[in-house]
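In: quick one, fold the following:
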Amino acid sequence: MDFSTGRFPNNQSSTGQGPVPYITDLRTEVIDNTLFYSTRWTSRNMQFALMSVPVDTETGLDVHYASDQFFYIEKGEALIIMGPCYDCLDIQSHVYEGYGIIIPAGIWHNVINISNSDLKMCTIFAPAFSSYNTVYRTKEEWFEHYELHDISFPQL
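Out: Just a heads-up that it's a prediction; the model follows:
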């Protein structure tokens, strides 16, 4: 995004809600979400999105060089792996309902659903990572249309 204009590449209109507050029943919204990734609120400084990761799948190994990220697990269990480089994933943790994970910019990470139901979580990027109103129904769509990312994704 061009932070001086608030516009995203490819003629997408704006950062979205900007200074408009967002109030929600977070638990209900996260649990009811069936989309892999769906932004709910976006400004130039931060973005809030919902994620639903199907059984026996993962978010996919990636890194965000310009955004810190926060995950909150509302339902399910996961193994999160992280590290400073693609071949240095030396941080691993079993996380479940109620856990929060902070991932600084530049840290490779992957969230692997190890529960017997969809993993329901929300995420915050600071600054915003995707365009306003971005929706990906599946992980494959997420990686196919990955925005504002300056790397290629290795296959695990």
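
In: any regions of this structure where pLDDT drops low?
Out: Flagging of the chain using pLDDT under 70 yields the residue ranges 1-15, 146-156.

In: and the helices in it?
Out: Counting by DSSP state H, residue ranges of the helices within the chain are 26-32, 139-144.

In: could you redo those helices as JSON lines and give each row mean neighbour count and distance to residue 73?
Out: Where you see a C-beta, it was placed from the backbone N, CA and C, and this is true even at glycine. Formatted as JSON lines, the entries for the helices of the chain read as follows, by neighbours: other Cβ atoms under 10 Å; distance: least, Cβ to Cβ, whole Å:
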{"stretch": "helix 26-32", "mean neighbour count": "14", "distance to residue 73": "9"}
{"stretch": "helix 139-144", "mean neighbour count": "14", "distance to residue 73": "17"}
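
In: can you add distance to residue 55 and give those back as CSV?
Out: Below are those laid out as CSV (distance: least, Cβ to Cβ, whole Å):
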stretch, distance to residue 55
helix 26-32, 15
helix 139-144, 13
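
In: among those, which comes closest to residue 99?
Out: With Cβ to Cβ, the closest approach to residue 99 among these belongs to helix 26-32: 13.3 Å.

In: now the closest one: how far from the chain's centre is it?
Out: On the basis of Cα atoms, centre = their mean, to the nearest Å, helix 26-32 sits 16 Å off its chain's mean C-alpha point.

In: centre of the chain versus stretch 89-106, how much separation?
Out: Stretch 89-106 has its average C-alpha position 12 Å from the chain's average C-alpha position, going by Cα atoms, centre = their mean.

In: fine by me, thanks again.
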